[in-house]
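Q: what's the 3D shape of this:
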Amino acid sequence: MATRKYLFVAAASTGLFALSVAAYAALSSATDAHVTFHASGPAGMAFEGSTTDLKVSEDSGNVVIDVPLANLNTGIGLRDNHMKEKYLEVSKFPSATLIVARSVLKLPAKDDRAAGDVPATLKLHGQSHAVTVHYEAKGVAAGFAAQGKFRLNMNDYGISVPTYLGVTVKPDIDISASFNVTGS
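A: Below is the predicted model:
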């Protein structure tokens, strides 16, 4: 149960990171996407979940990164099922969305790099909260290669902290994402 909750939070966070990086260019597509969340608990307990399902778009001066949660995978089917049904409630809240103002992103020229911390809004589990995303971007021939990361707290989004056999997952989840985006 704890694993699913963290997976959802991780996916949402990853989406936010990806959004921040993509905001540097007029976006037309995202490829080679990889979103990961990392959850931990007591006595060294840790697990990760991931998805390659990520969409990037621009809307009203914002870069919008959307991560559908139905394809999150931790490698254990029962944990995935609990995460999606009990904690993330994917049937009611199918995606995590990160929104970053394009104006706060630095757009690198081809073969140049840019990095920084930017404010963003993460919409997850029916709630929206401010997050800070650290991003890195490299200009490539057709656009940008981007990666980003941030941390979120499940409690902030009304997601129950998973507990199984007396072991409780920590509410803080680390989210990371990487992708290529076409644009100029």
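
Q: how about the longest strand belonging to the chain: buried residues?
A: When the chain is parsed with DSSP state E, its longest strand is strand 127-140. By neighbour count on 16 or more other C-beta atoms under 10 Å, the buried set for strand 127-140 is 131, 133, 134, 135, 136, 137, 138, 139. (Glycine included, C-beta is placed from N, CA and C.)

Q: packing partners for that strand?
A: Contacts defined by 3 or more C-beta pairs under 8 Å, 6 or more residues apart in numbering; DSSP states H and E place strand 127-140 against helix 2-22, strand 95-101, strand 113-124, strand 143-153.

Q: switch the cut-off to 10 Å
A: Other elements packing on strand 127-140 under the criterion 3 or more C-beta pairs under 10 Å, 6 or more residues apart in numbering; DSSP states H and E are helix 2-22, strand 95-101, strand 113-124, strand 143-153, strand 172-182.

Q: what's the angle between the second one and strand 143-153?
A: Spelled out, it's strand 95-101. Put simply, strand 95-101 runs at 110 degrees to strand 143-153, going by axes from the mean of the first three to the mean of the last three C-alpha atoms, to 10 degrees.

Q: got the angle for strand 95-101 vs strand 127-140?
A: Going by the same axes, to 10 degrees, strand 95-101 makes 70 degrees with strand 127-140.

Q: Just the mean pLDDT for strand 95-101, thanks.
A: Mean per-residue pLDDT for strand 95-101: 97.

Q: going forward can the numbers begin at 13, since that is how I track them
A: Yes, from this point I'll number from 13; that puts the last item at strand 107-113.

Q: Only alpha carbons, please: show that strand as PDB.
A: Provided in PDB are the C-alpha atoms of strand 107-113 (Å, rounded to 0.1, in the frame of the first residue of the first chain):
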ATOM      1  CA  SER A 107      -2.900  12.200 -14.100                       C
ATOM      2  CA  ALA A 108      -0.400  14.400 -12.300                       C
ATOM      3  CA  THR A 109       0.200  17.800 -14.000                       C
ATOM      4  CA  LEU A 110       3.100  20.100 -13.500                       C
ATOM      5  CA  ILE A 111       2.700  23.800 -14.700                       C
ATOM      6  CA  VAL A 112       5.700  26.100 -15.100                       C
ATOM      7  CA  ALA A 113       5.600  29.700 -16.400                       C
END
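
Q: for it, which positions count as buried?
A: 107, 108, 109, 110, 111, 112, 113.

Q: The fourth one reaches residue 76, doesn't it?
A: It refers to residue 110. Yes - contact criterion C-beta atoms under 10 Å: residue 110 and residue 76 qualify, at 7.4 Å.

Q: Next, the distance between the ends of stretch 85-102.
A: In stretch 85-102, first residue to last residue: 13 Å (C-alpha to C-alpha, to the nearest Å).
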